[in-house]
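Student: need a structure here:
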Amino acid sequence: MSVKRELCFIGVVENAGEQEAKIRIFPEFCAGLKGIEDFSHIIILYWAHLRDSEEERCTLLVFPRRHAVNVETGVFACRNPSRPNPIGLCVVELLKIEGCTLTVKGLDAFEGSPIIDIKPYIPRADSIPNARVPEWTWRGPPT
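Tutor: Residues are numbered from 1 along each chain as shown. The predicted model follows:
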């Protein structure tokens, strides 16, 4: 059963540099940033807009290219941006806030990527030290 809902973007990646990136939150959502400066890291959910095509949305099997292995896996078992809903997730370091603009480190989204949501990174809830993962995930970048 396929259910369609409307998604509301809350901001956009304005500058996606290699070290730092700027995320502009739209004025109507800026009040939602209150208190975020107390966190060193935040979780960014974004729309992988460069993978938003019918072909990319039909992709269900992939070879994780950022890992040095040749293992075919389902898109729900990896973080490939080609998927039925091209939603990206990234934990970033929050460097500063100026008005409605966040400066972060470690963002893997491209300039122009719409922001879906921001959540605080809470180690007690978001880190599972003994989590089981396939061996192929041990190689390559963190995400």
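Student: tell me which residues are up against the helix or strand of the chain with the lowest mean pLDDT.
Tutor: Within the chain, no helix or strand scores below helix 54-57, which has a mean of 86 by mean pLDDT, DSSP states H and E. With contacts defined as Cβ atoms under 8 Å, 6 or more residues apart in numbering, helix 54-57 is touched by 81-86. All C-beta atoms are positioned from the backbone trio N, CA, C, and that covers glycine.
Student: any idea which residue is closest to the centre of the protein?
Tutor: Centroid check for the chain by Cα atoms, centre = their mean gives residue 89 as the closest residue, at 2.2 Å.
Student: how about it, what does it touch?
Tutor: Residue 89 makes contact with 43-46, 79, 143 under the criterion Cβ under 8 Å, 6+ apart.
Student: for it, give its distance to residue 123.
Tutor: Going from residue 89 to residue 123 by Cβ to Cβ, to the nearest Å gives 16 Å.
Student: residue 62 now?
Tutor: With Cβ to Cβ as the criterion, residue 62 and residue 123 are 30 Å apart.
Student: this completes my enquiry, with thanks.
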